[in-house]
Structures are given as C-alpha cells and as structure tokens.
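Participant: Prediction below, plus the sequence it came from.
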Amino acid sequence: MKKVNLCLLGASGAVGKEMLKILEEREFPINELKLLGNKDAGKKVKFRNKEYTIEKADKKSFKNMDITLVAVGSDISKKLSPIAVKSGSVVIDNSSAFRMDKKVPLVVPEVNPEDVKKHKGIIANPNCTTIIALVALAPLHKYGKIKRIIASTYQAVSGAGKEAMEELESQARDWADGKKFEINAFKYQICFNLIPQIDAFDKNGYTKEELKMLNEGRKILHSPNLKVNCTCVRVPVFRSHSESITIETAKKITPKKARELLAKAKGVKVVDNPAKFQYPMPLDTTNQDLVFVGRIREDISAKNSLTLWCAGDQLRKGAATNAVQIAELVLENLKDKK
C-alpha cells in the first residue's frame, strides 16, 4: 500500500493522542508525519519509536500533506481546514464545523462508506453519540427502516476533554480526603452526580448535543424524515458513552431477528444475556473499537418498536478510530502523487 504524508492538527489533545495511538495500532502507511498544535508547540511526542516535535500551525503547515486529521475545535478548524484543502490535502475533521454542510460528507465507515467518494476536500467525522448509536442501528434500519428514535445518552466526562477527566479524578480524591470540591470543567460537581445538559440549550428546549443526533442521523442514513427525540446526560464515568434507545420501524423487527442482524454487523458485539447478568457497560467497552449492544427487547408500549442498550468508547470509535477508518477509505481512492 502506498505510504502517504499525514498531518495531525491537535496532536496533544485527548482525541489527537488517541488518533496517534490508533494510527500506530492499525499500521497506517505513513511516509512523513507532521504534528501541529498551538498550545503545546515544542512538545516532544513519540510515534513508532521516533520522536516528533509538535509545531505551531500556520498557512504553510499543510504543504505536501496528503491527508490531514483535524482534532481541534470548530473555530480553529473553520480557519485552517480550508487552507489545508487548498494545499492539496484531504481533511478529515473531528469538529462540528462542517458536519451539516451539504457539500461535506458525514461518514461512519460501517454505515455509509460510499459517501467518502463525494468529498470536495473535507470529510466530517460525526458526533460521538451519533457514531455509537448508528453503528448499532444501521443494520436494523437497513432491514426494517427506522421511522423514529427515542434516545437517552449517558456520556462520559472524557467527551468534555482531558480537563474534565482530571476534574472527576480530583473530585473523587478530594471526597476521599474530606476536602472541598473544586468545580471548573462543569457548572456543577460531576463526582457522584448527573448533569442533564451537554452543550447550550436551543430555543426549543433541546441542547445542541441532542439536536446533533437528529440532524446527523438524518444525513448519515439518508433519511430526511427520520424523527429523533434525544436527551443527553453527563455521568461520572471516565470513558465510554452508553445509550438507551427505542426505535419504531416500518417493518417489525423481533428481538431474535435484531440479535441475528447485529451479530453479523461490522463493528458490533452483541452482549445480551440478562439471565447471566451480561449486558454492555462502559468498563467493558473502554479502550476498544466495537459498539456493544444488549438489553434487546420488544417495546411493550408500541407496535413495531424495539428497545436496546448500547455502549462504546467515544474517544476511540466515537472519534479517533472513526476518523482513521475514514482515512483508510480515502487512502483507497487517493491518486498517486507525481
């Protein structure tokens, strides 16, 4: 396989670090690697037993880069991603900057890999909760066409960045030591608490995070009439998001059929034996790339309705791994440089 020049913007953040780890794990064919990050410019990072220095990003940073992985916030991505594209690089952006742009494909490789070919220079990585949900739901949608999704998400603090992870850990230690909690990363104490708000509220009472499931789900599944009602909750867990999902389908899907479909699906592991206390949990899904699905049962309150519980590592499959998988699809279609 042809080796490519790869740039990682945001190399020192939680997602950027995971991207480096996954690039190494999956033996991604890299010729030249460039690491960018304004906050930690000058910091040394090891990759494949070689030391790299994180550089400050500027307009010249993307020259001769075939692929650029973007693991920074949307404001910075909006500024630098178009520059990378003009320099000839294919950008895979983990931020929300371009997700709903009609000209930008939004891709989960297990769900809509063919959309990668439609890119005009930028491919968007979906929101973590959307990725985890759709890996589990896509096989069911293909079989029975999902008309409506009702979801409640239980999102780990690492989804809010490394400062949030550090705060949960420090609060747990302070509690054990009988000290007063410091509260910075969230509006409230997160240790021993749940916060039913992720991102800002919209005028309709939903948060931006909750609306991502609606808008991104419609785009990825090519289902503009899909109905979605979502509630997102921050929980005192370090890694892996969990989701309680109820779907209404055009064609009835029995729990048995759902298990059959999911057992054959890419990126899914069925863990569904309640009699033996076997079901998906954050501890079991951390540091791996599969979405675990269980608690599969008929919704007794409605026809053609099914309920399930899923969990997945949002730093890996919900962000970094999904981006690297997209890069692998790009690699297949990348023309040899002269």
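Facilitator: That came through, no problem. Numbering: from 1, shown residues only.

Participant: CA only for contacts and neighbour counts going forward, please
Facilitator: Fine.

Participant: tell me the contacts of residue 269?
Facilitator: Applying Cα atoms under 8 Å, 6 or more residues apart in numbering to residue 269 gives the contacts 262, 263, 290, 291, 292, 293.

Participant: helix/strand/coil for it?
Facilitator: Classification of residue 269 using DSSP: H, G, I helix; E, B strand; the rest coil returns strand.

Participant: Could you say which helix or strand holds residue 229?
Facilitator: Applying DSSP states H and E as the criterion places residue 229 in strand 227-234.

Participant: Who are the packing partners of that strand?
Facilitator: strand 146-155, helix 208-221 (3 or more Cα pairs under 8 Å, 6 or more residues apart in numbering; DSSP states H and E).

Participant: what about the strands in the stretch 151-300 of the chain?
Facilitator: The residue ranges that make up the strands of the stretch 151-300 of the chain, judged by DSSP state E, counting those that start in this stretch, are 227-234, 241-249, 268-270, 291-298.

Participant: coming back round to it: among the helices and strands packed on strand 227-234, which comes closest to residue 163?
Facilitator: The closest approach between residue 163 and any of the helices and strands packed on strand 227-234, judged by Cα to Cα, belongs to strand 146-155 at 15.3 Å.

Participant: got the angle between that closest one and strand 227-234?
Facilitator: 10 degrees (axes from the mean of the first three to the mean of the last three Cα atoms, to 10 degrees).

Participant: got a pLDDT number for residue 186?
Facilitator: Per-residue confidence (pLDDT) for residue 186: 97.

Participant: any idea how far residue 164 is from the residue lying farthest from the centre of the chain?
Facilitator: The outermost residue of the chain relative to its centre, with distances by Cα atoms, centre = their mean, is residue 178 at 36.0 Å. Distance of residue 178 to residue 164, given as Cα to Cα, to the nearest Å: 21 Å.

Participant: do the same with residue 23
Facilitator: As judged by Cα to Cα, residue 23 and residue 164 stand 25 Å apart.

Participant: ok, back up a step: want to try a markdown table for the helices and strands packed on strand 227-234, with mean neighbour count, mean pLDDT and distance to residue 16 as columns?
Facilitator: Output for these, formatted as a markdown table (neighbours: other Cα atoms under 10 Å; pLDDT from 0 to 100; distance: least, Cα to Cα, whole Å):
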| stretch | mean neighbour count | mean pLDDT | distance to residue 16 |
| --- | --- | --- | --- |
| strand 146-155 | 21 | 98 | 19 |
| helix 208-221 | 21 | 98 | 21 |
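
Participant: Tabulate those in a markdown table, adding columns for distance to residue 48.
Facilitator: A markdown table is the format used below for the helices and strands packed on strand 227-234 (distance: least, Cα to Cα, whole Å):
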| stretch | distance to residue 48 |
| --- | --- |
| strand 146-155 | 32 |
| helix 208-221 | 34 |
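
Participant: nearest to residue 28, of the ones you listed?
Facilitator: Taking Cα to Cα, helix 208-221 is the member of the helices and strands packed on strand 227-234 nearest to residue 28, at 25.2 Å.
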